[in-house]
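Sequence and predicted structure are below.
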Amino acid sequence: MNPLQSSVEPEKGAGLAMGLAYAGGEGVTVVFAEVITGGLEVNVRRRASQRGFGDDVIYYVRRRVFEGDSVTLDSTLTEMKDNDVIRWRFGDTLIAEKNKRVDRFTVNDDVLGGRFRDRLKLDNQTGSLTITNTTMKHAGDYDLQLNNKRAHIFLVVTVSVTEGDSVTINSRLTEIKDVVLIRWRFGNALIAEIDKRVDRFTVNNHVLGGRFRDRLKLDKQTESLTITNITMKHAGEYQLEINYKTVAFYLAVIVSVTEGDSVTLDSGLTGIKDDYPIHWKFKNTFLAEINKRVDRIAVYDDVLDGRFRDRLKLDNQTGSLTITNITMKHAGEYVLDTHTFNWPSYIHLIVYGELNISFTCFIYYS
C-alpha cells in the first residue's frame, strides 16, 4: 500500500458515481463525477442534461490512483447477461472485451508497446477492469462501451516525491504521432512549452510568484520536463497537453520531520483572495480554515482527541499551517484546498523519533 493511501473504500464511491450515471430517464444523460481511488476522500460532482438521442447514456468519471497501486474501473454490473457486450479502450486502442453473445473473453495487454503487459484483470462476471501496478504511462482516457451505453473515465496517476528530490514528466507517455505542440501546466499556469511549428522551447520560471524558478529543465532531445528540488509548493495537479490532448498527474510531496520539532505546511500563496477560502485537513478531518467571505479564521485543534491542541498556528496572510511539538500521532496525509486550483494538494508527513537504547555492561575479573 502506498504511504499516502488512506482507509477510504473507493469501490463504494465508484458505485455511487456509476449509479449517478444511470439516473436520468429517456434521452442522453451526461453525468460528471470524481472518484479518488487509494486517495484521501471521495468527491462526487454531477451535471446532467437530456437530449433526444434514444436511450444512450454517456457519463464521465474522474479517477485517481497512486503510482504502484491498483485501480478498478467499474462496469456498474453485478453480473453480465447473455446478450451483454463490454469493451474497454485506452484512447482508441481496444485493451479488453467480454462478449457473452459469442462467448469471447479477451485481454489485449501487449498493445501500445506492452505498457499493460501482465497488468490487466477483466472480471469474468461483471466485466469490470482492474489495472495493477499503475505507472504514469497508464494515465489518460479510458472508454467503456456497455451495449448502447458509454463511459469515459479519466484516470489521474498520483506520483509521490520526497521533498528535495526531482521528478520527470515525459511527453512520450502517449502514442500520439506527429507531435507538434507540447505543453506542461501546473493547475492553470503554463510552466513549459515545446512548439515545433516555430521551433520554440520555453520554460516559464516566473509564474506563480517564482515557485519554479531555477527548477525547470526542458530536455529538447527526449521532450521531457524535469522539476528539481521539489518543495511543498510543488504539490498538486500537473497537466501534460500534447496536440491539445491532455493527460493529468498528481504530485504528492513527502516531508520528513523529527519528533519534537515543528513543521510549516506551505500553502504556496503570497496572499489570500476574498473569493477563495482555504481549508486544511488531516486525512478527512478539518484542522483550519480562512474564509474571507464570512470573515472567519479558525483552527480546530480539539479534534481527534486533542492531538493538535495548542500545536496549530495558521498564517493569516498566506494560509500556511505550522504544527509545533510534533509527535508520532501527527504523521500522515495533509490536504490543502485553496480553491485557487481545480484540485487539492497533498502533503505526507513522516515523523522520526529518537531511539533510546540502554544497556548494562558486566566486567568479570579472574
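That came through, no problem. Numbers count the residues shown, from 1 in each chain.

drop to CA atoms for contacts and neighbour counts, all remaining ones
Fine.

and residue 239, what does it touch?
183-187, 246-249 (C-alpha atoms under 8 Å, 6 or more residues apart in numbering).

what residues go with each domain of this protein?
Domain segmentation of the chain under automatic domain parsing yields 10-158, 163-248, 259-352.

surely residue 147 meets residue 81?
No. The pair residue 147 / residue 81 is not scored as a contact, 10.9 Å apart, by C-alpha atoms under 8 Å.

just to revisit the earlier point, could you pick out the buried ones from the contacts of residue 239?
Among the contacts of residue 239, those that count as buried by neighbour count (16 or more other C-alpha atoms under 10 Å) are 183-187, 246-249.

Could you list the low-pLDDT ranges of the chain?
1-59, 172-177, 274-275, 339-343, 354-366 (pLDDT under 70).

give me that answer again for 50
Low-confidence segments of the chain, defined by pLDDT under 50: 1-55, 357-359, 361, 363-366.

Dig out what residue 252 forms beta bridges with.
Residues in a beta bridge with residue 252, per DSSP bridges, are residue 160.

next one: residue 200
Beta bridges link residue 200 to residue 195, judged by DSSP bridges.

Ok, residue 299 next?
Counting by DSSP bridges, residue 299 forms beta bridges with residue 288.

is it true that it touches residue 312?
Yes. Residue 299 lies in contact with residue 312 (C-alpha under 8 Å); the separation is 6.9 Å.

can you tell me which of the buried ones among the contacts of residue 239 are in strands?
183-186, 246-249 (DSSP state E).

farthest-separated two in those residues?
Pairwise distances across those (C-alpha to C-alpha) peak at 13.4 Å, for the pair 183 and 249.

State the phi and psi torsions of residue 305.
With angles defined as degrees, to the nearest 10, residue 305 sits at phi 60, psi 20.

measure it to residue 264 for me?
Noted for residue 305: a distance of 22 Å to residue 264, by C-alpha to C-alpha, to the nearest Å.

could you pull out the strands for the stretch 101-250 of the chain?
For the stretch 101-250 of the chain, the strands defined by DSSP state E, counting those that start in this stretch cover 104-107, 120-122, 129-131, 140-146, 149-162, 167-170, 181-186, 189-195, 200-203, 216-219, 224-227, 236-242, 245-258.

So which of these is nearest residue 72?
By C-alpha to C-alpha (comparing all of the strands of the stretch 101-250 of the chain), the closest turns out to be strand 129-131, at 4.1 Å.

Give me the sheet partners of the closest one and which way each runs.
Counting by DSSP bridges, strand 129-131 is paired with strand 71-73 (antiparallel), strand 120-122 (antiparallel).

For those strands, could you give me TSV that also reports mean neighbour count and distance to residue 90?
Formatted as TSV, the strands paired with strand 129-131 follow (neighbours: other C-alpha atoms under 10 Å; distance: least, C-alpha to C-alpha, whole Å):
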stretch	mean neighbour count	distance to residue 90
strand 71-73	21	12
strand 120-122	19	12
